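Enquirer: Just a sequence and a predicted model for now, questions to come.
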Amino acid sequence: MTALRKTTTALISDAAPFAIRAERASDVAAREALLDACFGDNRHTRSCQRLRDGRAPAEGLALSAVRQGRVVGTVRLWHVSAGGIPALMLGPLAVEASSRQLGVGAALMDHALAAAKARGHRAVTLLGDAPYYARFGFSAAKTGELSLPGAFERDRLLGRELCEGALDGAWGMIAPTGAPLPKTKASRARKALLVPRAA
């Protein structure tokens, strides 16, 4: 009888076109540049941004797609109350133009939704194009009575239940519930520069 020999195969970076991992502090500059490129200068004025301002993303649900050492995709999920029902708000999802044909966006979505479910979250909402997000199970079926702070297009407010019935009866304003970002010395120093002192 011939003994089976175990062989190990080294992973070649070109074999896997990209990898998805937890977002790192070193990703922030590249992430911000990617979001600027995808959404433009006015991205900070959008309705969903009101749900993210001053808040930390949900634990374990800030992801980066990396290709050849560069951040080429990003997605984050945030704690919200969907009219009193605990949920997550997904977004923004962004992928570098040259990497879109690789399936980075779909992989980020699949990974984010699986991670959210594994962490015990019951529902995810987002503001986006229904034809794109329908393939991930999102629809407007249970979001018709929900609203966002500021102007938004009703048909773009979508939801997906990770547990059946999680969005039953959802009604009212979607509001942020995530942990506030910690105040650092650097942010306090920047704020001090912007606020004129009284004479």
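Expert: Perfect, I can see it now.

Enquirer: For the chain, just list every one of the strands.
Expert: Under the criterion DSSP state E, the chain contains strands at 19-22, 62-67, 70-82, 85-90, 94-95, 123-127, 146-147, 157-161, 172-176.

Enquirer: nearest to A33, of those?
Expert: A33 lies closest to strand 70-82 among the strands of the chain, at 8.7 Å (CB to CB). (C-beta placed from N, C-alpha, C; glycine too.)

Enquirer: so what strands line up beside that closest one?
Expert: Sheet partners assigned to strand 70-82 using DSSP bridges are listed as strand 62-67 (antiparallel), strand 85-90 (antiparallel), strand 94-95 (antiparallel), strand 172-176 (antiparallel).

Enquirer: any chance of those strands in CSV, with distance to A107 too?
Expert: Formatted as CSV, the strands paired with strand 70-82 follow (distance: least, CB to CB, whole Å):
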stretch, distance to A107
strand 62-67, 7
strand 85-90, 14
strand 94-95, 10
strand 172-176, 26
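
Enquirer: between these, which one is nearest to G150?
Expert: Using CB to CB, the nearest of the strands paired with strand 70-82 to G150 is strand 172-176, at 10.7 Å.

Enquirer: List the buried residues for that closest one?
Expert: I174, P176 (16 or more other CB atoms under 10 Å).

Enquirer: In this protein, which residue is most central in space?
Expert: Centroid check for the chain by CA atoms, centre = their mean gives R76 as the closest residue, at 2.1 Å.

Enquirer: so how far is F39 from that residue?
Expert: Noted for R76: a distance of 13 Å to F39, by CB to CB, to the nearest Å.

Enquirer: Likewise for A140?
Expert: Distance from A140 to F39, by CB to CB: 22 Å.

Enquirer: remind me, longest helix of the protein?
Expert: Assignment by DSSP state H gives helix 104-118 as the longest helix of the chain.

Enquirer: Run the angle between that one and strand 123-127 for me.
Expert: 150 degrees (axes from the mean of the first three to the mean of the last three CA atoms, to 10 degrees).

Enquirer: Can I get helix 104-118 in CSV, CA atoms only?
Expert: What follows is helix 104-118, C-alpha atoms only, in CSV (Å, rounded to 0.1, in the frame of the first residue of the first chain):
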residue,chain,number,x,y,z
VAL,A,104,-15.5,42.6,-5.5
GLY,A,105,-18.9,44.3,-4.7
ALA,A,106,-20.8,41.0,-4.6
ALA,A,107,-18.1,39.4,-2.4
LEU,A,108,-18.2,42.3,0.0
MET,A,109,-22.0,42.1,0.2
ASP,A,110,-22.0,38.3,0.8
HIS,A,111,-19.2,38.5,3.4
ALA,A,112,-20.9,41.4,5.2
LEU,A,113,-24.3,39.8,5.3
ALA,A,114,-22.9,36.4,6.5
ALA,A,115,-20.8,38.2,9.2
ALA,A,116,-23.8,40.2,10.4
LYS,A,117,-26.0,37.1,10.6
ALA,A,118,-23.2,35.2,12.5
